[in-house]
Each structure stands twice: as C-alpha cells, then as structure tokens.
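K.L.:
this is the structure alone, sequence omitted:
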C-alpha cells in the first residue's frame, strides 16, 4: 500500500469513533491472562499502549490494576476511550502520533498494541518500544483475523456475488484471505531481526462471534477498506449483505475469528 493511501486509511477511524467502539468484538479473555503470565509484569506495573482506539484492550488491564499510558492518534477515539476508562484513574491517554510523542526511557514493564501496530513504521516503532521498556521486559502485539471456516463458509460463499458486483477488490473477504485493517503484521522474524528483542512467543486463539444483520454491517463499516469506498458503493454493498443475512440466514451469522499474539522481551 502506498504511504499516501495508508495515511488516508489510518485516519478514517477517528471519524467513526462511536461506531468503532460499538462494532468491534474485542479479544478473548485468555489472551489477557497469557499476556500477564508470559510478560511477568509485576502487580501494579506500568504499561505503554500504542493505538488503543476506544479501549477494547485497555480496559482488561486497567481492571487488573495496572497503570496504563496510552497514545492515540485520533482525538475522537481518545474521547471515547476516556469515557470508557473514566472509572480507572490508573489509565491515562495522550493524543498524538506514537512516532513523535515524548516517551520516558526504560520506564515500562510491558508494551502492548492491539490491532494497531501495522499502522506504525516498524523501524521507528520497534526502536521506540525497546527504548521505553525496562530491561528484559516484553512487548505484546496482537490482531484479529477473519479466516474462512466451516462455521461461516456458506455465508461467505453467499456474499461472493455481492462483492463481485459492488467491490470486487474486496473479494478476499469471501475466500478466507485478509483484506481488513490487520492485513500487514510484524512477523516473528521482523521482531527478532530488529536486534532489539529476543525470541518471539506466539499464541493463537480461535473463537467465534455471533452477529445480527445490523451488527455485522456495522462491524464491516469499522474497517478502513470499507470506509474509503465511495459512500454510494458502501451503502449498496452493506445493504445487500444486510438483506442477505435477514433473508437467507435467519437474521444472524457467526464469524470465526483467530487472534494472533506475538510477544518478545527486550535484550
């Protein structure tokens, strides 16, 4: 993706902050338990969060009593985050670019990024993360993927003609490939080859989320490839999918989701 197009997509989320907050299903509880256990973060430890959005990943850590410094590019997303985290004075947010915000050196017990680090230049982002972490502390990066599985195969196959008609470049939505916001991910090799971190621990969490027609079309709308569509095209595409769910799938569909977690410690 060319940088100009990446920047355009990166900035779409702030305009739909409330939609994003309500549409995204979050992450499995087991992931948060594993991040705590694998990182060895001490009780009351300090977390740096990169691109928290509206706080889907922040809240579980705040509820566990950790101190969190979040950095969010979008002011509207940050405003929703503040409402969602209002009961947790141990969590604070700064509006700005992660690449530019001042960070204290060697101050954090854990750094996290949930479905956000692919928007960061890895050469800049990984070095900033490593500098902000204490010695032998961990970074945890994770994303949700939407694979085709037997759970949702019939639905995705039924969607294929709709995508072909209105947005053929998004046809990967129906064949199990990833065309959403998390399509570009730092791999284990990228973390290891940076020279800043040790061996990478990987985990996968397979789960399912059930949507009604409204919920599923809002969910799709929260991804940047849909936001950058022409409004008329987006409306026709999502209306057709909504109608498909109501008429052929009894108003509800289940999507398989796989959450991928990568963790590594500073050298």
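P.N.:
Cool, the structure landed. In this text the structure is predicted, and so the values were computed from the model without any measurement. Numbering: from 1, shown residues only.

K.L.:
give me the low-pLDDT residue ranges for this structure?
P.N.:
Scanning the chain with the threshold set as pLDDT under 70 gives 1-11, 173-187.

K.L.:
give me that answer again for 90
P.N.:
1-20, 118-123, 145-153, 171-190, 192-193, 223-224, 267 (pLDDT under 90).

K.L.:
have a look at it and report its longest helix.
P.N.:
If you go by DSSP state H, the chain has its longest helix at helix 231-248.

K.L.:
which positions in the helix or strand just after that helix come out as buried?
P.N.:
For helix 231-248, the succeeding helix or strand toward the C-terminus, using DSSP states H and E, is strand 252-265. For strand 252-265, burial by neighbour count (16 or more other CB atoms under 10 Å) applies to 253, 255-257, 259-265. Where C-beta positions appear, they are placed from N, C-alpha and C, glycine not excepted.

K.L.:
repeat for stretch 107-123
P.N.:
108-120.

K.L.:
for residue 162, state which of the residues you listed is nearest.
P.N.:
Nearest to residue 162 out of these is residue 115 (CB to CB; 25.2 Å).

K.L.:
next up, phi/psi of that closest one, please.
P.N.:
Phi and psi for residue 115, reported as degrees, to the nearest 10, are phi 50, psi 40.

K.L.:
quick check: closest non-adjacent residue to it.
P.N.:
Among residues not flanking residue 115 along the chain, residue 143 sits closest, at 5.1 Å (CB to CB, 6 or more residues apart in numbering).

K.L.:
now residue 155
P.N.:
Nearest to residue 155 is residue 253, by CB to CB, 6+ apart, at 4.9 Å.

K.L.:
repeat for residue 90
P.N.:
Spatial nearest neighbour of residue 90, chain neighbours left out: residue 67 (4.9 Å); criterion: CB to CB, 6+ apart.

K.L.:
other SSEs contacting the longest helix of the chain?
P.N.:
Here helix 231-248 touches helix 153-166, helix 213-221, helix 224-227, going by 3 or more CB pairs under 8 Å, 6 or more residues apart in numbering; DSSP states H and E.

K.L.:
what are the ranges of the helices in the stretch 1-150 of the chain?
P.N.:
3-10, 17-23, 29-39, 58-63, 75-84, 122-132 (DSSP state H, counting those that start in this stretch).

K.L.:
thought the residue nearest to residue 155 was touching residue 208?
P.N.:
No - with contact defined as CB atoms under 8 Å, residue 253 does not count as touching residue 208 (10.4 Å).

K.L.:
out of the buried residues of strand 252-265, flag the one nearest to residue 34.
P.N.:
Of all the buried residues of strand 252-265, the one with the least separation from residue 34 (CB to CB) is residue 261, at 7.0 Å.
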